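Enquirer: The sequence isn't on hand, but the structure is:
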């Protein structure tokens, strides 16, 4: 029995006994396709006898490492081949070249010699197979079973197009002349498949959106927007009212301090009141600053372009986005928005969202203001009590 037949028997038994059924692509059938493609390329190119043997051995063993997983399987394949070669008549040069050719099947390796080009083209000969789409489905199923990734039909077709057009090329003269035309046909088939799937997807999305719109209770939506907007507005008014109360109270405190306490601080007998008065006034000033910040409006540019309207990037329900625009432009933009129900609803949703952000800022600053005011009152009272006690002591 010659060494090539021994290799076939060994690889068949190796896959049968050790390969997981989840490998629906990288199995004995794929190996057999690569061997047949290698024989075809050897026949069409002038290959020395030793290189011919090494090529066929590499074709049989190049994926045997998948029995230990897909990661770095080339290195495991070389180890398996070396173990096989020790029990055969393979000489050292043939064994070394075979290992080199197995290593060359790594997609990151750029083939240099004719032998490396042959093994690489043979390993990807299915790209020029009339049944390419069906063969690649085996790889898709393998990745799904192994938990690598699950593709939709469109994702898988797009991935195939990327591999065919960006990541692969044939190296040998025969493959370029005879296999490339069928590969180009396969690229066109995949491209047509993508167009069909994209059209179906767009159609289904259109139906889905239409169904969603039909399912939306219009009156309920309007009520929801109206109620939420009223709630936001009411909360904003409450926040402004609270800020005004704090402003008024602290202004009164500062006014009383300036008119009653401060003039008396010049007297040597009132020196003990300097620090408590300063503490009270400073806390009141800080409270006023934060109260003002909570009601301070944010200025926007007040302009928009027709391109932004076309891209639906502008919320026309907020005055800050249009107050500098001519009335004619604003009328046109509003009419455009009202023609597009999705744009209209999106604008209303964005309006509520940004009102919520403003409310969050107001109430956060108000919380800080009330905390400062409360702490200031407590510290000021304690300071005055300690000041009076130090005088009476």
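Expert: That came through, no problem. Remember, it's a predicted structure, so these values are computed and weren't measured experimentally.
Enquirer: measure stretch 81-96 end to end?
Expert: Its first and final residues considered, stretch 81-96 spans 10 Å by C-alpha to C-alpha, to the nearest Å.
Enquirer: Any idea how far that stretch is from the middle of the chain?
Expert: Here the centre of stretch 81-96 is set off from its chain's centre by 48 Å, with C-alpha atoms, centre = their mean, to the nearest Å.
Enquirer: So which bits of it are buried?
Expert: For stretch 81-96, the neighbour count (16 or more other C-beta atoms under 10 Å) marks 81-82, 84-85, 88, 90, 94-95 as buried. Every C-beta, even on glycine, is put in place using the N, C-alpha and C of the backbone.
Enquirer: Tell me the one among the residues you listed nearest to residue 317.
Expert: Nearest to residue 317 among the buried residues of stretch 81-96 is residue 81, at 71.0 Å by C-beta to C-beta.
Enquirer: burial measure for residue 197, as a count.
Expert: Around residue 197 sit 17 other residues, with neighbours defined as other C-beta atoms under 10 Å.
Enquirer: Inside helices: which ones of the buried residues of stretch 81-96?
Expert: 81-82, 84-85, 94-95 (DSSP state H).
Enquirer: Let's test this: name the helix or strand in the chain with the lowest mean pLDDT.
Expert: In the chain, no helix or strand scores lower on mean pLDDT, DSSP states H and E than helix 306-310, which sits at a mean of 75.
Enquirer: For that helix, give me every contacting residue.
Expert: Residues outside helix 306-310 that contact it (C-beta atoms under 8 Å, 6 or more residues apart in numbering): 314, 316, 329, 332-333, 336-337.
Enquirer: Any chance of CSV for the ones in helices among the buried residues of stretch 81-96, columns distance to residue 141 and pLDDT?
Expert: Shown next, in CSV, are these (distance: C-beta to C-beta, whole Å; pLDDT from 0 to 100):
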residue, distance to residue 141, pLDDT
81, 28, 94
82, 32, 94
84, 29, 93
85, 33, 92
94, 36, 93
95, 35, 94
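Enquirer: Where is the longest helix in the protein?
Expert: The longest helix of the chain (DSSP H) is helix 341-392.
Enquirer: quick one, what contacts the closest residue in space to residue 12 that isn't next to it in sequence?
Expert: Excluding its sequence neighbours, the residue lying closest to residue 12 (C-beta to C-beta, 6 or more residues apart in numbering) is residue 28, at 5.9 Å. Residues near residue 28 by C-beta under 8 Å, 6+ apart: 11-12, 15-16, 19.
Enquirer: Could you identify the buried members of these?
Expert: By neighbour count, with 16+ other C-beta under 10 Å, the contacts of residue 28 hold 11, 15, 19 as buried.
Enquirer: what comes up buried for stretch 47-58?
Expert: In terms of neighbour count (16+ other C-beta under 10 Å), stretch 47-58 has its buried residues at 47, 51-58.
Enquirer: now do stretch 346-356
Expert: Result for stretch 346-356 [16+ other C-beta under 10 Å]: buried residues 347-348, 351-352, 354-355.
Enquirer: Contacts for that stretch next, please.
Expert: In contact with stretch 346-356 (C-beta under 8 Å, 6+ apart) are residues 225, 228-229, 232-233, 236, 312, 315-318, 337.
Enquirer: on that earlier part again, buried among the contacts of helix 306-310? Make that a ChimeraX selection.
Expert: To isolate the buried members of the contacts of helix 306-310 in ChimeraX, using 16+ other C-beta under 10 Å:
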select :314,316,333,337
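Enquirer: Flag the least confident of the contacts of helix 306-310.
Expert: Lowest pLDDT within these is found at residue 316 (71).
Enquirer: rewinding a little: next SSE downstream of the least confident helix or strand of the chain?
Expert: helix 327-339 (DSSP states H and E).
Enquirer: who are the neighbours of the helix or strand encompassing residue 184, in terms of helices and strands?
Expert: Take DSSP H and E as the rule and residue 184 turns out to sit in helix 180-215. Contact here means 3 or more C-beta pairs under 8 Å, 6 or more residues apart in numbering; DSSP states H and E; on that basis helix 180-215 packs against helix 132-145, helix 153-162.
Enquirer: Just send these back as JSON lines, with distance to residue 370, mean neighbour count and mean pLDDT too.
Expert: JSON lines is the format used below for those (distance: least, C-beta to C-beta, whole Å; neighbours: other C-beta atoms under 10 Å; pLDDT from 0 to 100):
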{"stretch": "helix 132-145", "distance to residue 370": "58", "mean neighbour count": "16", "mean pLDDT": "93"}
{"stretch": "helix 153-162", "distance to residue 370": "54", "mean neighbour count": "17", "mean pLDDT": "94"}
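Enquirer: Any idea which of those helices gets closest to residue 290?
Expert: Using C-beta to C-beta, the helices and strands packed on helix 180-215 put helix 153-162 closest to residue 290, at 52.3 Å.
Enquirer: The longest helix of the chain: how far from the chain's middle?
Expert: Centroid separation between helix 341-392 and its chain, computed with C-alpha atoms, centre = their mean, is 37 Å.
Enquirer: Give me the subset of the contacts of residue 28 lying in helices.
Expert: When DSSP H defines the helices, the subset of the contacts of residue 28 inside them is 11-12, 15-16.
Enquirer: helix or strand right after the helix or strand harbouring residue 30?
Expert: Counting by DSSP H and E, the element that carries residue 30 is helix 28-44. Next along the chain after helix 28-44, taking DSSP H and E as the criterion, comes helix 49-61.
Enquirer: Which residues does that next one contact?
Expert: Counting by C-beta under 8 Å, 6+ apart, 3-4, 7-8, 10-11, 31, 34-35, 37-39, 42, 47, 77-78, 80-81, 84, 90, 93-94, 97-98, 101-102, 104-105, 114-115, 118-119, 122 sit against helix 49-61.
Enquirer: redo that, cut-off 6 Å
Expert: By C-beta atoms under 6 Å, 6 or more residues apart in numbering, the list of residues contacting helix 49-61 from outside reads 4, 7, 11, 34-35, 38, 42, 77, 81, 94, 97-98, 101-102, 115, 118-119.
Enquirer: Same check on stretch 168-180?
Expert: Residues outside stretch 168-180 that contact it (C-beta under 6 Å, 6+ apart) are 41, 44, 111, 117-118, 120-121, 124, 128.
Enquirer: How far does that stretch sit from its chain's centre?
Expert: So, by C-alpha atoms, centre = their mean, the centroid of stretch 168-180 is 37 Å from its chain's centroid.
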